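# Next one to model:
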Amino acid sequence: MRKLIVGTQALAAGTVTEYELRRWYRRVQRNIYVPKGYSLNLEERIDGAWLRTHRRGVVAGQAAAALYGARWIAEDIDVEMIWDNTRPPAGIVARDERTAPDEITVLDCVTVTTPERTAFDLARHIRNRYTAIARLDALKAATGFEIDAAMELTRRYRGARGVRQARELLPLVDGGAASPPESRIRLKLIDGGLPRPATQVPAVTERGWVLRMLDMGWEKYMVAVEYDGVQHQTDRAQYLKDQRVLPKLAQLGWKVLRVFKEDNDDETVERARRALLARGWDGKP
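Numbering: from 1, shown residues only. Predicted coordinates:
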């Protein structure tokens, strides 16, 4: 059940009185209220921000990605809106930007940028490339957005802020990344001059069974990179499973490089470089 109410509309409809509004509700945006004691989640904060624009704004960026179900987005982010407001209220980032009708859609009654426009905005507005690629990978996993269509927007808005970075990052998006660290490591490997690794690489037994889906790697050279996150280190069952499968992967001919949170990214790149060269890579990306 929707908890947010528009104060003037609720008063006009008679669903609350002025006394009840003051006594039992708290204001989250101008004219937007929620029952006292109720904590809004990110989706509800986005809804409230959109209502604050008098339904004229368009939810964009990370907020739009969250509505599409992309993972790894913090609950406390500011809500990005395409909205002509030079002094937006706290908690809202307003951008007065051009949009075309084919870049806007409606999701659960809220006006939002399409997945492709959302990707375009993520790729150019998030200045940290490694954070940007993680958000893009997560959006790709959630929506399967068309990379070519997102790239077309870099031509449509060729003079817009951040387009150069968007043009660089969008072709590198891969929805197979299972976490932000995996996205970061993949981009580090590419930045280091290594061939682009595939994600979710199947390690197949002689009988044709898939022994394991490897995080990323180069099937041609039988080299893989596996990121061991917090779950792998705290989940005893997962830890034992990993330990038992590693010797089997070696028997199949795989060179598996395990990467931990504490590892230095540059050292990880060099480990992968040495492994690839040892397996016949010619040193060309």
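# So what touches the longest strand along the chain?
Secondary structure of the chain read by DSSP state E shows that its longest strand is strand 210-218. Contacts of strand 210-218 from elsewhere in the structure, counted by C-beta atoms under 8 Å, 6 or more residues apart in numbering, are 176-178, 182, 185-186, 189, 195, 197-205, 223-227, 245, 248-249, 252, 254, 256, 276, 281. C-beta here means a position set from N, CA and C on the backbone, and glycine is covered the same way.
# Out of these, which sit inside helices?
Among those, the ones falling in helices (DSSP state H) are 182, 185-186, 189, 245, 248-249, 276.
# Tell me the one of those residues nearest residue 157?
Closest approach between the ones in helices among the contacts of strand 210-218 and residue 157, by C-beta to C-beta: residue 186, at 26.6 Å.
# what about that closest one, distance to residue 78?
Residue 186 is 27 Å from residue 78, where distance means C-beta to C-beta, to the nearest Å.
# Next: residue 281.
Spatial separation of residue 281 from residue 78 under the definition C-beta to C-beta is 44 Å.
# Compare the two (neighbour count), which wins?
Using other C-beta atoms under 10 Å, the more surrounded residue of residue 281 and residue 78 is residue 281, with 19 against 16.
# quick one, what contacts that one?
Applying C-beta under 8 Å, 6+ apart to residue 281 gives the contacts 195, 218, 221.
# Model confidence at it, what's the number?
Among the per-residue scores, residue 281 shows a pLDDT of 98.
# just the strands in this structure please.
Under the criterion DSSP E, the chain contains strands at 5-6, 25-29, 32-35, 58-59, 79-82, 92-95, 104-107, 110-113, 198-204, 210-218, 223-228, 255-260.
# For the last one, buried residues please.
For strand 255-260, the buried set under the neighbour-count rule, 16 or more other C-beta atoms under 10 Å, comprises 255-259.
# So what's the model's average confidence on that strand?
The average of the pLDDT scores along strand 255-260 is 96.
# for the first one, same thing?
Taken as a whole, strand 5-6 carries a mean pLDDT of 96.
# Just the pLDDT at residue 238, thanks.
According to the model's per-residue confidence, residue 238 sits at a pLDDT of 60.
# Quick check, central residue of the protein?
Most central in the chain under C-alpha atoms, centre = their mean is residue 135, positioned 2.3 Å from the mean C-alpha point.
# what about that residue, distance to residue 74?
11 Å.
# what do you get for residue 281?
38 Å.
# Domain-wise, how is this structure divided?
Here the domain assignment for the chain is 1-39, 40-172, 180-278, based on automatic domain parsing.
# Mind listing the residues bridging to the nearest residue to residue 51 once chain neighbours are set aside?
For residue 51, the nearest residue in space outside its immediate sequence neighbours is residue 32; the separation is 5.2 Å by C-beta to C-beta, 6 or more residues apart in numbering. Partner residues in beta bridges with residue 32, using DSSP bridges, are residue 6, residue 29.
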